[in-house]
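Peer 1: next comes the sequence, and after it the predicted model I'd like to discuss.
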Amino acid sequence: MDDKGSVGKISVSSDSVSTLNSEDFVLVSRLGDETPSSTNNGSDDEKTGLKVISEEGVSFKIVGNGSEQQLQRELEDVLMDPSVADTGLRSEAGMETLGGEGDRGSVATTASPVAPGSDPLSAPPPKLEMVLPVQTAQESELNERSYRADESSSEGSPSSPIPDEDSVVFSQLTYLGCASVNAPRSELEALRMMSILRGQCQLPLDVTLSVPGVSEGTVRLLDPNTSTEIANYPIYKILFCVRGHDGTPESDCFAFTESHFNAEIFRIHVFRCQIHEAVSRILYSFATAFRRSAKKAVLSSQQPAPLTPDSDLFTFTVSQEIREDDGKGTFSAVAKDKDKQSFKLRAGMDKKIVIYVQQTCNKELAIERCFGLLLSPGKNVKNSDMHLLDLESMGKSSDGKSYIITGSWNPNTPQFQPVNEETPKDKFMYMTTAVDLVITEVEEPVRFLLETRVRVCSPNDRLFWPFSKRNYTETFYLKLRQMERKERKSPASDTLYEVVSLESETERERRKTTASPDIMPTGTTVPSPPEDDEEEDNDEPLLSGSGDVSKECAEKILETWGDLLTKWHLNLSVRPRQLPALVRSGIPEALRGEVWQLLAGCHNNDHQVEEYRTLITKESPQDSAITRDINRTFPAHDYFKDTGGDGQDSLYKICKAYSVYDEEIGYCQGQSFLAAVLLLHMPEEQAFSVLVKIMFDYGLRDLFKQNFEDLHCKFFQLERLMQEYLPDLYNHFLNVGLEAHMYASQWFLTLFTAKFPLYMVFHIIDLLLCEGISVIFNVALALLKTSKDDLIQTDFEGALKFFRVPVPKRYRSEENAKKLMELACGMKISQKKLKKFEKEYHTLREQQEQQEAPIERYERENRRLQEANMRLEQENDDLAHELVSSKIALRKDLDNAEEKADALNKELLLTKQKLVDSEDEKRRLEEESAQLKEMCRRELDKSESEIKKNGSIIGEYKQICSQLSERLEKQQTANRGELEKIRFKVEGCEKCSSLFNKEGRVRTVNTASAGGSEEQDEEKEGLKIQLREMELELAQTKLQLVEAECKLQDLEHHLGLALNEVQAAKKTWFNRTLSSIKTVTGSQGKETA
């Protein structure tokens, strides 16, 4: 992407100048000495222009290839601004033709001259020009020379307020202040200081910011009124630039950090933009300042990089990984489609981009920091179309070999909408990623561009464990030239380079393929993938890990497997009946990881997972052999081909863990291939568990024991099977002297994983886990049978070469591999026959040992014993080491136990003391309980006597009451009888009847009857007095009864309190006694009442 192609519109007011992305025009703000404009010497079809001059003296001139109408439409943004529009109408704006070859494409800078001796600060503002950067190479070179000359001539005036020539000026900014920071490259600390300074700023300062367009420039702060320079910061001192996050109060702010006075002091400067959209433009200008200038890029692109490495050529390997939110709070690497070229993304998912940069040759260059990570949909995009991503982290990897940059990518933003929409099934699109690196020894930043293909699928697509999880890797060739000290713009250092050219491997290949035959080097051909029918012409063996396995599968097959797995999960101890038939047809690639674990019996292996995490922390005595074999395992597979990548790292840990787990066998060459196959289908913990099952339960480790004795038995069985099934080939191998161990060793030790294509390898592992290790004989016989005609025609060396090269290549085609596996599954080899051949082998071995000379037998036995002795010595050393370690651990445990014993003894003494105190308390409470019991007994006896006394009183009272009642009734009856007699007498007497009425009352009162009535009254009064006395005696008796009941209630209350105190002190059998006493007392009281 050339800077010459970066063009854009501008939006200008009287207070600010800011650039906007477009594809038509670009703003080049030049501030310098005024140069006379060229005259129009061209014809009518030459460049036309529009010039607008404001009252303040600021002029804008557009030079382009379009018509006047096009230029006027492009200046709508300028003319719509009231301040600019008004001044433009009153100005001498007009259409004028700017011609001449010297003026075409030039970048003119004009400013009002300052008279000698006058105040430069009072000079009118400089004039800005906008031109199209359309230049030829010769014109670019001439302008570069003139620019350097002007720059050198202006270096002598440090007090000049004019900013750098290649700069963009931004106004309507507010300087909020600066502060010291400890981590100048930390985005979190920068955002925190931005928030603090924005909230605490009392006196904000309006400034104008000048950002240079080249890495040698200086960022300047200017007074917006006088254009006086307030402060300046060289680009090489600026370490980090950040803006506020959207949706926060700091979204209109940006800041940059710089090293202060070349010391370990770092400051952050915070600014606020009155125009919110200008923040991103300012950051883009900073990013441009860290790239080499457009003129240098044009010149360097015209110089082809040398194709042979030398002292000035530095090679970098840059890998890109895309990670997506997996819905579990983590980000997982996305997979690639079967074409191995396009990433498979899901729409709407948050993503992260991880860039790995590693230098592979020449003197190591120190990467200081990443200035920006940019992304854009499409291919061959322009600089203006790139969008900055939020950097999350940057720094070296744990091993120090790579520099890792991580950035977050929100695909829902409008800029990334093209890569967030689902693409058709057979289509793909391009995506460009750029990373800008600041390298200490290089004068200017270096940009690496990665163009990758992507396919966007639905977010609801089911994702399986991807075997093809891989990075996109590109190799870059950086040509540098050592600079002389006088050429350097930054502080002097021991060695400083400038960039001559930067070319990727893809660009090299493209240049080779587009070169004409006359200039193409002799013998240079465009590589093409080998076809199946070219296998005889290519003597190179097939690399391990070759071939691609599609995850596509018929829907009916997936439904069948889904039903089977559902039933299987209900009872994992019993395999379904239809399982072997389905496995013979091949397990769907998307389900292999799950089915393999179920076949191996690793569905419940939590203990082994924990053991694995412990094993990888231990040291392995075979670490060097493992490391050597890792780089040779599946070099054709993208997941394992990167040195230090995730694939090799996981494979190393699995092999190391098994070597520590199985001390008798340890790591044997070939185990890494089997571990790699498992790792392509499941995480490393589960892959380790399945590897252990295959080695132990399926008998693979027996092949490595006792000097490969069991392996030789397998060779004998294979030859006997050949003798029975393929007698012609068996006899031919006897004639040429070809034995089974010469071609079948890898078949048994690696289970065909080392040389054959992955589609065939995966199918073999399917059968192995389902039917056992005897499947190897079926596959071996099928291979020999399909290649019999070719092998019979070869000699000894030809047969070995045929097994090494053509046989694996023949099965790169899925169709050929399917036919081979169908043939292998169709061969019936009984276990009884294999047992018979095994007995024959052991019989022959015994006969050979008996026929063997005693000395040879003893020497062989001696060697075996020596090997056993060495193994035992090694085990002894290991045991001694473990014993020492155990003693140390036991000593530590003993010390800890003694400390615990001391602590327990102290606790025991305290407990004993507490026990003594408790016993004393118990005795005291028992004494108090006895006293309380005695007191309650006395009170109870007293209450009983009082109850009896009250009972007798109540009885006497009742008796008196009944006697008085009877007496009263008798008296009343007698009185009524006497009254009746008197009334009869009165009625019978004529004299007396006149004195009384019918009711017996006296009608008149006379003295004669006064004497009789007085006697009657006296008698009545006596009766009334006697009645009152009896009532008084009855009231006194009732009062005594009430007092007795009150006393009884008081005693019951005291008894209840005493019971509660006893229960609170200690719960004993005495509780029940008191409860019974209380019950009895209450019932007696109620009966008495």
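Peer 2: That came in fine, so what should we check first? Note that this is a predicted model, so its numbers are computed, not measured.
Peer 1: phi, psi for the residue most central in space within the chain please.
Peer 2: Central residue of the chain (C-alpha atoms, centre = their mean): Thr330, 2.9 Å from the mean position. Torsion angles at Thr330 (phi, psi; degrees, to the nearest 10) stand at phi -130, psi 170.
Peer 1: for it, give its distance to Asp350.
Peer 2: With distances taken as C-beta to C-beta, to the nearest Å, Thr330 is found 11 Å from Asp350. All C-beta spots, glycine's among them, are computed from the backbone N, C-alpha and C.
Peer 1: so after the helix ranked longest in the chain, what's the next helix or strand?
Peer 2: When the chain is parsed with DSSP state H, its longest helix is helix 854-988. Once the chain leaves helix 854-988, the next helix or strand it forms, by DSSP states H and E, is helix 990-993.
Peer 1: for that following helix, packing partners?
Peer 2: helix 854-988 (3 or more C-beta pairs under 8 Å, 6 or more residues apart in numbering; DSSP states H and E).
Peer 1: Lys401: what's it in contact with?
Peer 2: 358, 644 (C-beta atoms under 8 Å, 6 or more residues apart in numbering).
Peer 1: where does it sit, in terms of helix or strand?
Peer 2: Applying DSSP H and E, one finds Lys401 in no helix or strand.
Peer 1: now do the phi/psi pair for it.
Peer 2: Dihedral angles for Lys401 - degrees, to the nearest 10 - are phi -90, psi -30.
Peer 1: also Gln608?
Peer 2: phi -70, psi -30.
Peer 1: my guess is it contacts Phe688, does it?
Peer 2: Yes - using C-beta atoms under 8 Å, Gln608 is in contact with Phe688, at 7.3 Å.
Peer 1: compare these two (neighbour count), which wins?
Peer 2: Neighbour totals were compared for Gln608 and Phe688, and Phe688 leads with 30 against 19 (other C-beta atoms under 10 Å).
Peer 1: SS state for that one?
Peer 2: Three-state call for Phe688 (DSSP: H, G, I helix; E, B strand; the rest coil): helix.
Peer 1: ok, it - contacts?
Peer 2: Counting by C-beta under 8 Å, 6+ apart, Phe688 touches 608, 612, 654, 657-658, 675.
Peer 1: got those residues as JSON lines, with distance to Glu1061 and secondary structure columns?
Peer 2: Below are the contacts of Phe688 laid out as JSON lines (distance: C-beta to C-beta, whole Å; DSSP: H, G, I helix; E, B strand; the rest coil):
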{"residue": "Gln608", "distance to Glu1061": "65", "secondary structure": "helix"}
{"residue": "Tyr612", "distance to Glu1061": "66", "secondary structure": "helix"}
{"residue": "Ile654", "distance to Glu1061": "74", "secondary structure": "helix"}
{"residue": "Ala657", "distance to Glu1061": "71", "secondary structure": "helix"}
{"residue": "Tyr658", "distance to Glu1061": "74", "secondary structure": "helix"}
{"residue": "Ala675", "distance to Glu1061": "78", "secondary structure": "helix"}
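Peer 1: adding distance to Ser787 and pLDDT, write those out as TSV.
Peer 2: As requested, these are exported to TSV (distance: C-beta to C-beta, whole Å; pLDDT from 0 to 100):
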residue	distance to Ser787	pLDDT
Gln608	40	87
Tyr612	40	91
Ile654	33	93
Ala657	38	93
Tyr658	33	93
Ala675	29	93
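Peer 1: and those residues, which is closest to Lys942?
Peer 2: Nearest to Lys942, judged by C-beta to C-beta, of the contacts of Phe688 is Gln608 at 82.1 Å.
Peer 1: show me what contacts the residue nearest to the closest one when sequence neighbours are not counted?
Peer 2: Distance criterion C-beta to C-beta, 6 or more residues apart in numbering; nearest residue to Gln608, sequence neighbours excluded, is Ser689 at 4.8 Å. Ser689 makes contact with 597, 600, 602, 605, 608-609, 612, according to C-beta under 8 Å, 6+ apart.
Peer 1: would you turn these into a markdown table with distance to Leu203 and secondary structure?
Peer 2: Below are the contacts of Ser689 laid out as a markdown table (distance: C-beta to C-beta, whole Å; three-state DSSP):
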| residue | distance to Leu203 | secondary structure |
| --- | --- | --- |
| Gln597 | 68 | helix |
| Ala600 | 73 | helix |
| Cys602 | 69 | coil |
| Asn605 | 67 | coil |
| Gln608 | 67 | helix |
| Val609 | 62 | helix |
| Tyr612 | 62 | helix |
